[in-house]
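Undergrad: predicted coordinates and the sequence they were generated for:
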Amino acid sequence: MSRVSTATVDEVAVVAAPDPFWNRERRLGVGITVIGLLATFVFGALAESKTARFTLSADASGAALSINGQVGTILFGLFTVAVGVIMLTGKARSWQTLLLCLGILAFVLSFLCWQVAGKFMPLVDTLDGSLEYALPLILGALAGVLGERSGVVNVAIEGQFLMGAFGAALVGTLATSVWAGLVSAMVGGLIIAAMLAVLAIRYLVDQVVVGIVLNLFALGITGFLYERLMQPNALKYNQPPKMPEWKIPGLAEIPVIGPVLFHTNLLVWLALILVPVIHFALKNTRWGLRTRAVGEHPTAADTVGVRVRGLRYVNVLLGGLVAGAGGAYFTLVSTGAFNKNMTAGAGFIALAALIFGRWTPFGALGAALFFGFAQKLAYYLSVAGSPVPNQFLNMLPYIATIVAVAGLVGRVRAPAADGVPYVKS
Amino acid sequence: MRGITKRFGDLVANDHIDITVEPGEVHALLGENGAGKSTLMNQLYGLLQPDEGEILVDGEAKVFRSPRDAIAAGIGMVHQHFMLVPVFTVAENIALGAEDVRGGPLGILDRRRNRRDVLETSRKYGLPIDPDALVENLPVGAQQRVEIVKALTREVDLLILDEPTAVLTPQETDELLGVMRSLAETGKSIVFITHKLREVKAVADRITVIRRGRTVAPSNHPAAALDRTEGSAFSPDTSEDELAALMVGRDVNLEVTKTPSEPGREVLKISGLVVDDDRGVRAVDGIDLTVRAGEVLGVAGVQGNGQTELVEAIMGLRGIRAGAMELDNESLAGMGTKKILSAGVGYIPEDRSLDGVVKEFSVAENLVLDMYDRPPFGNAFKLNPKAINESARERVTQFDIRTSSAEHAVSTLSGGNQQKVVVAREMSRPLRLMIASQPTRGVDVGSIEFIHNQIIHERDSGTAVLVVSSELEEVCGLADRVAVMYRGRILAVVSPDTPREEIGLLMAGATSPAQASPDAAQEAAAQEEESE
């Protein structure tokens, strides 16, 4: 066997990518420092010097963490500043993500101390509510992950939610079974996904346009059927059973986390289990490797015998099932009846969570929980009569997404072939 | 392959082509750009399906519906544009499509086995690669090794290499040719698609020439040495001139004929130029260049060493970080492309279809893209179609643009004729400076000859010409002085008569020949082995 050296000169000199001074960490450091200063001086000055109580239950009773509102506001504000300064030095690169989370957490705590001063905040209720708001967002964003990692943009999550919610209400009522409702919710999501897949993959229509059209279609058809069918006969067609809450003995007794995670409904568990499952599968299975290849460089996948379009169909349809299940939340978990346009843009927030979470399952989970918390907080503030308009918090998902997409917190990179139909040459 | 015919609409890309590849041979598939070589091989690899004809593997007729079928029949292909996922590791890229999995239907990747297989193949064939490196961080030479290993791990008997040397330095090319030979010695068959005659002469056992979708038969060319086996292949004893004539269908002059230059005043003067690329990475890193009236300055270098950014900076298409650019002592920086063009700078961009022509526009419209708002073609409010069409007809004749009408869309023209439209447009103005970036990429040999002559003609009329090309032959043929660019710097300015090996070493970044001696390469290989 002849041994031929093919090492070339270009490997002798390894080129070092130049690192600009204002790298990602320093830019983030500036941001954290600025919000830290805002918290310390603005929130600190506005905060009343009264005790803020964070109760470990769903109401005002029981044990609580207490702190003087103003002191807490300033302390957490200063802590935020400190984190920002550490990041500015540029010496803690490997801790970047942890520091970022710490900084944001401290800022949020500072804000809470200001708002809760002289009042109380029930932690269990807050977390429970955050998770509930986050639930459809998690499922919707996961549906997006499935489709977009294989290269199909899914703007139709909103439509899948609506069809899912409608299907769950209708079939759930007719069959008087919450499980029949859940299954038909998934079928509802699947129907929209199938239309998206055929139009985007087979007929190469612009995927964003298809997504928007499908949203309008879902809004139109569910609205029509609601007015013609459900409204006149609500008892017969629009009174689905609610999803039962199950309690896992033992685990549910853990303070704070127990009642939130282990005394809840099946849909929450489904969403929380799907996150690591999809993460592992994308990373470590044949399906995942092929999905990522098809989303990044479909021609390369095709030339080694991967069925590009087939895989995209599978992933978009799987995504439809997951998003449809997310739609079931609105009728089977939340309100207990279908209403026209009841999802009210949640599908778009899920899309925002997908992007903010950088197209990864755990990122999507984190973003969804963050957005869910913001929504719950907005609700809390309006009830507590806070001077801060709750609309500001409702804006948060969109602002966060704009910040993320604009690249202010580092490069948000979509799969390279996301939204690009595959045409064989 | 027997009687292969493939049509795209009215175009017959392959017209009853027969080709036989023996075990253990390097079979060169020679032809001009667009002759149908890649189309033919894409059918062998299952990416395209022939309209007529059959493919026989070891005497057995096969139908390849997709690359999967071709791989199963022992056929591998390394594409001209690498088929690697940039964000995957080397091992993941090699595994893709033929993954080692465990866990039954779950299909969990067996990364350890995958990695071991890669290293094994890499050792066996002497192609050093690091299985854990991200492909996007690898230099092109290494990416190509990944492609070859990818094919070899699938245990192919026949390996198709589509224009594999286009992105390589001369040294890397020689190494690749060596790899091809040693693979052939182990009994693998290799189909080597190329249009470079030197490489064919260096490595091929047999040569099949394709011209306009048909094989060129030896019987029609008694002068060519006849092949030792059946089929329509030539032996490598056929001379380069002969092969070139077979490719083009008539005698071609491979050399650019020109008189010695008479350099005049300094027209373009660049000093200390620094330019960043799209990602903000330094692409041009302090360049000093002078182009004089009446001379051609050639910039040689492997693609992606800052040539694109240099040209875009001169044309005002890209901002500069530092340095100065002067056209007859007038600063070009911040001038704006439109002003630069009207100051007498002609520009042939490297990507014709993206920057050179508007494909949907007619030939006539494309010919006035730079002058549509000036008399006689128009004014600030309206166009003058009569003048535009008249001038177009003239230039179609003058520049030998082959189209039945100047009103046809440019997209209906062949690559060579599209490029002639660009050349005609740019040379129809009085020029002081002409910048030609990859002026003959994707252009047929006949048009190459014509375009080269036009460039020399422009030089002789006193224009300063800057030619950038990754084809060393082209640069040396056209230029009066050759500047070698490497990683954003000019390493040296040499005479075009410098031996190509020496220029090749410069293109690989060696400032003195000793630095890139074969020993150094061996050492690097040894180090790489150790690190594995």
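TA: Arrived safely.

Undergrad: what about the strands in chain A?
TA: A:51-55, A:64-68, A:120-122, A:246-247, A:263-264 (DSSP state E).

Undergrad: which strands and helices sit next to the second one?
TA: Contact analysis of strand A:64-68 by 3 or more Cβ pairs under 8 Å, 6 or more residues apart in numbering or on different chains; DSSP states H and E lists strand A:51-55 as its packing neighbours. Using the backbone N, CA and C atoms, a C-beta is placed for each residue, glycine as well.

Undergrad: report all helices and strands that the strand it packs on contacts.
TA: Packed next to strand A:51-55, using 3+ Cβ pairs under 8 Å, 6+ apart, are strand A:64-68, helix A:69-89, helix A:96-116, strand A:120-122, helix A:123-149.

Undergrad: which among these is found nearest to residue A:26?
TA: Of all these, it is helix A:69-89 that lies closest to residue A:26, at 5.9 Å by Cβ to Cβ.

Undergrad: can you name the residues of the stretch 151-300 of chain B that neighbour chain A?
TA: For the stretch 151-300 of chain B, the contact set with chain A under Cβ under 8 Å from any Cβ of the partner chain comprises B:169, B:171-172, B:175-176, B:178-179, B:182, B:185-186, B:280-282.

Undergrad: please redo it, this time with the cut-off set to 10 Å
TA: B:151, B:154, B:168-169, B:171-172, B:174-183, B:185-186, B:276, B:279-282 (Cβ under 10 Å from any Cβ of the partner chain).

Undergrad: show the buried residues in these.
TA: In those, burial by neighbour count holds for B:151, B:154, B:168-169, B:171-172, B:174-183, B:276, B:282, counting by 16 or more other Cβ atoms under 10 Å in any protein chain shown.

Undergrad: now the strands for the stretch 401-532 of chain B?
TA: B:433-437, B:464-468, B:481-486, B:489-494 (DSSP state E, counting those that start in this stretch).

Undergrad: tabulate the ones you listed (a markdown table), appending distance to chain A.
TA: Listed next are those as a markdown table, based on distance: least, Cβ to the nearest Cβ, whole Å:
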| stretch | distance to chain A |
| --- | --- |
| strand B:433-437 | 22 |
| strand B:464-468 | 20 |
| strand B:481-486 | 10 |
| strand B:489-494 | 12 |
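
Undergrad: can you put the ones you listed in a markdown table and add mean pLDDT and mean neighbour count?
TA: Shown next, in a markdown table, are the strands of the stretch 401-532 of chain B (pLDDT from 0 to 100; neighbours: other Cβ atoms under 10 Å in any protein chain shown):
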| stretch | mean pLDDT | mean neighbour count |
| --- | --- | --- |
| strand B:433-437 | 94 | 25 |
| strand B:464-468 | 94 | 27 |
| strand B:481-486 | 92 | 23 |
| strand B:489-494 | 91 | 18 |
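
Undergrad: right, and those - which one's nearest residue B:259?
TA: Closest among the strands of the stretch 401-532 of chain B, using Cβ to Cβ: strand B:464-468, at 14.4 Å.

Undergrad: pLDDT weak spots in the stretch 101-250 of chain A?
TA: Scanning the stretch 101-250 of chain A for pLDDT under 70 picks out nothing.

Undergrad: could you chop chain B up by domain?
TA: Using automatic domain parsing, the domain parsing of chain B gives B:1-36+B:48-74+B:157-251, B:82-155, B:264-344+B:431-532, B:356-429.

Undergrad: between those, which gets the lowest average pLDDT?
TA: Ranked on mean pLDDT, the bottom entry among these is domain B:1-36+B:48-74+B:157-251, at a mean of 80.

Undergrad: residues in contact with residue B:29?
TA: Residues near residue B:29 by Cβ atoms under 10 Å, 6 or more residues apart in numbering or on different chains: B:17, B:19, B:21, B:35-38, B:40-41, B:160-162, B:191-195, B:200, B:204, B:207-210, B:215, B:233.

Undergrad: that one pairs with what?
TA: For residue B:29, the beta-bridge partners are residue B:193, residue B:208 (DSSP bridges).

Undergrad: all good on my end, thank you.
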